[in-house]
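> build me a model from this:
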Amino acid sequence: MIKHFKRAFNSLDEIHEFVCEFAGQNGLEEKMVYIIDLVVEELFTNAVKFNPGNTHDVTIDLSKDSQKLLVSLIDYDVEPFDIRQTKDYDPKKPLRDRRVGGLGIPLVKRLSDKIEYEYEDRQSKITFIKYTENHHVQHSH
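Residues are numbered from 1 along each chain as shown. Sure, this is the predicted structure:
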């Protein structure tokens, strides 16, 4: 399922409905819906926050096969921003040294089994991948 959303915080309600519709069609359990909602909201609010002058819509693409769930956010006419390269939140740092927000992306990383990032012609695509229960992924640490 693919849908375009206006780059504005008030699109979040519409995005939530989109996630619920996708979840209903795919029979996703509540825990998964909660995770998708959280991830989509975090990635979308980042897109709004970091490119305030940008008038392009943001595209959200949700898909699922027998092994995994894919949540992609496609943003247009933007600078590269690979969330895989961001520094993780350090709980030991004093509050005043932390960036405002800052909790979101590490949380997205923690919830994902894999994150992919593509950037070409000023178009960025972040894909959050979560394997379904019946597909056990070997984490290499």
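
> name the residues that touch the helix or strand of the chain with the lowest mean pLDDT?
For the chain, using mean pLDDT, DSSP states H and E, the weakest element among its helices and strands is helix 104-111, scoring a mean of 87. Helix 104-111 is contacted from outside by 35, 38-39, 42-43, 45-46, 83-84, 86, 88-89, 115, 128, 130, using C-beta atoms under 8 Å, 6 or more residues apart in numbering. Just so you know, the C-beta spots here come from the backbone N, C-alpha and C atoms, and that holds for glycine as well.

> lowest-confidence one in the residues you listed?
By pLDDT, residue 89 ranks lowest within these, coming in at 55.

> let me know the helix or strand that residue 22 is in.
helix 12-26 (DSSP states H and E).

> show me how far the helix or strand where residue 70 lies is from its chain's centre.
Using DSSP H and E, residue 70 sits in strand 68-76. Mean C-alpha position of strand 68-76 versus that of the full chain (C-alpha atoms, centre = their mean, to the nearest Å) differs by 7 Å.

> by contact count, what packs against that strand?
On a contact count with 3 or more C-beta pairs under 8 Å, 6 or more residues apart in numbering; DSSP states H and E, strand 68-76 meets helix 30-50, strand 58-64, strand 123-131.

> buried sites along that strand?
Using 16 or more other C-beta atoms under 10 Å as the test for burial, strand 68-76 gives 69, 71, 72, 73, 74, 75, 76.

> repeat that for stretch 14-30.
Per 16+ other C-beta under 10 Å, stretch 14-30 contains these buried residues: 15, 18, 19, 22, 23, 28.

> in JSON lines: the residues you listed, plus distance to residue 4 and pLDDT.
Formatted as JSON lines, the buried residues of stretch 14-30 follow (distance: C-beta to C-beta, whole Å; pLDDT from 0 to 100):
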{"residue": "15", "distance to residue 4": "11", "pLDDT": "97"}
{"residue": "18", "distance to residue 4": "10", "pLDDT": "98"}
{"residue": "19", "distance to residue 4": "15", "pLDDT": "97"}
{"residue": "22", "distance to residue 4": "15", "pLDDT": "97"}
{"residue": "23", "distance to residue 4": "19", "pLDDT": "96"}
{"residue": "28", "distance to residue 4": "22", "pLDDT": "93"}
